[in-house]
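Q: Curious how this folds, go ahead:
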Amino acid sequence: MASGLVALLDDIAGLTRLAAASLDDVGAAASKAGVKAAGVVVDDTAVTPRYVVGLSPQRELPIIGKIALGSIRNKLLFLLPAALILSALAPWAITPLLMVGGAYLCFEGAEKVIEALSGGHEDEAADAGLDPVALENQKVSGAIRTDFILSAEIMAIALSQVADSPLLTQGVVLAVVAVAITAGVYGVVALIVKADDVGLYLAKTGSGALRAIGRGLVKGVPVLMRWLAVIGTAAMIWVGGGILLHGAEELGLAAPAHLVHDTAEAAAHLAPAIGGALAWIVTALASGIIGLAIGGAIALAVHRLHAARAH
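A: Numbering: from 1, shown residues only. I've put the predicted structure just below:
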């Protein structure tokens, strides 16, 4: 009886160790997948605050909440099942689909660059004629549509990191990545969009250093928002270009990726003390140039197609 109990306890201990090891594997895989998707996460964080510009401050957090809910729904109800089906039935399609998403990111980034250079503000003019409720609904719908593309890219990148794992592990990792990234992105976005309100409160009610911090926030947040727009555009182009570069390498067109790698290595050897940083900068710049060129070509084709349809 005692030996049977000891054997049972040993089995339980073994199962516990196995479960702990599995959780460690899931955590490590989720962490790795999240790091790989970091570029898209930066883009998502930088892009989202613009959807509350021009709306009542009292509606900022509820709007972010609606977008976050739409984002988690995108990831868990639509993209997660689609990713698992893809992994089970057509794993060969993961890289091409990643590249399609990368091309879309390049296109979106190039469109923003073109709009900035041309001084276009069509969206703002269209928004001016809407009542607050319709404007809010339009902003939320637009944000969730944009999030779907970015979330699809995040989930595809995460899936590519665990494609060789069992299907259950893939599902758990993707769910962990989906929840963690959504919470992180929209938590940061909420802090960003309310920072000016916090600054205004401190500037009015604080004393000494707190009042100075409040005034700094009030002046600094608009500048931060402008820089976030720039960073978001740069991240779109850089991440999209990098995805296309690595995807082409996996599909057999390795020359561009090798050229970028060799150039980065050469730059690193010029200054060994900061070689790693130099290699990263060269790789990011090359990815950005590729992304801007491809995104610009797609944007030009789309504009010409619209012009042809208009005539």
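Q: give the contact list for the closest residue to Ala110 other than its chain neighbours.
A: With C-beta to C-beta, 6 or more residues apart in numbering as the criterion, Ala110 has its nearest non-adjacent residue at 3.2 Å, and that residue is Gly295. Where C-beta positions appear, they are placed from N, C-alpha and C, glycine not excepted. Taking C-beta atoms under 8 Å, 6 or more residues apart in numbering, we find Gly295 in contact with Ala103, Leu105, Cys106, Phe107, Glu108, Gly109, Ala110, Glu111, Ile237, Gly240.
Q: Would you tell me what helix or strand Gly295 is located in?
A: Using DSSP states H and E, Gly295 sits in helix 275-310.
Q: Sort out which residues of that helix are buried, please.
A: Within helix 275-310, the residues scored as buried using 16 or more other C-beta atoms under 10 Å are 278-279, 282-288, 290-292, 294-296, 298-299.
Q: Can you show me the helices along the chain?
A: Per DSSP state H, the chain carries helices over the ranges 2-36, 38-47, 60-73, 80-89, 94-118, 122-127, 132-161, 167-205, 209-250, 255-270, 275-310.
Q: Give me the phi and psi for Ser165.
A: Dihedral pair for Ser165: phi -80, psi 160, per degrees, to the nearest 10.
Q: so Thr169 touches Val162, yeah?
A: Yes: using C-beta atoms under 8 Å, Thr169 is in contact with Val162, at 6.5 Å.
Q: out of those two, which sits in the more crowded spot?
A: Taking other C-beta atoms under 10 Å, Thr169 and Val162 do not tie; Val162 has more neighbours (24 against 16).
Q: May I have the phi/psi pair for that one?
A: phi -130, psi 20.
Q: Quick check: the gap between it and Leu174.
A: 8 Å (C-beta to C-beta, to the nearest Å).
Q: sorry, back to before: save the helices of the chain as CSV, and put in mean pLDDT too.
A: As requested, the helices of the chain are exported to CSV (pLDDT from 0 to 100):
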stretch, mean pLDDT
helix 2-36, 49
helix 38-47, 65
helix 60-73, 92
helix 80-89, 90
helix 94-118, 88
helix 122-127, 52
helix 132-161, 82
helix 167-205, 85
helix 209-250, 87
helix 255-270, 92
helix 275-310, 91
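Q: Pick the most deeply packed of the ones you listed.
A: Across those, averaging neighbours per residue (mean count of other C-beta atoms under 10 Å) puts helix 38-47 on top, at a mean of 23.
Q: Would you mind measuring from Pro96 to Leu86?
A: Counting by C-beta to C-beta, the gap from Pro96 to Leu86 is 11 Å.
Q: How about the contacts made by Ile192?
A: If a contact means C-beta under 8 Å, 6+ apart, then Ile192 has Pro49, Val221, Leu224, Met225, Leu228 as its contacts.
Q: Quick check: it vs Tyr186, distance?
A: The value you get for Ile192 to Tyr186, if C-beta to C-beta is used, is 10 Å.
Q: so Ala175 makes contact with Leu79?
A: No: with contact defined as C-beta under 8 Å, Ala175 does not count as touching Leu79 (10.7 Å).
Q: Nearest spatial neighbour of Trp280, chain-adjacent residues omitted?
A: Ala264 (7.7 Å).
Q: Glu115 versus that neighbour, what's the distance?
A: Plainly put, Ala264 is 31 Å away from Glu115 if you go by C-beta to C-beta.
Q: same question, Ala175
A: 36 Å.
Q: Repeat that for Gly242.
A: In this view, Gly242 and Glu115 are 23 Å apart by C-beta to C-beta.
Q: go on, Thr45?
A: 20 Å.
Q: Ala180 now?
A: Remark: distance between Ala180 and Glu115 (C-beta to C-beta) = 32 Å.
Q: Ala257 now?
A: Separation of Ala257 from Glu115 (C-beta to C-beta): 30 Å.
Q: returning to that earlier point: the residue nearest to Trp280: what's it in contact with?
A: Ala264 makes contact with Leu278, Ala279, Trp280, Val282, Thr283, Ala286 under the criterion C-beta under 8 Å, 6+ apart.
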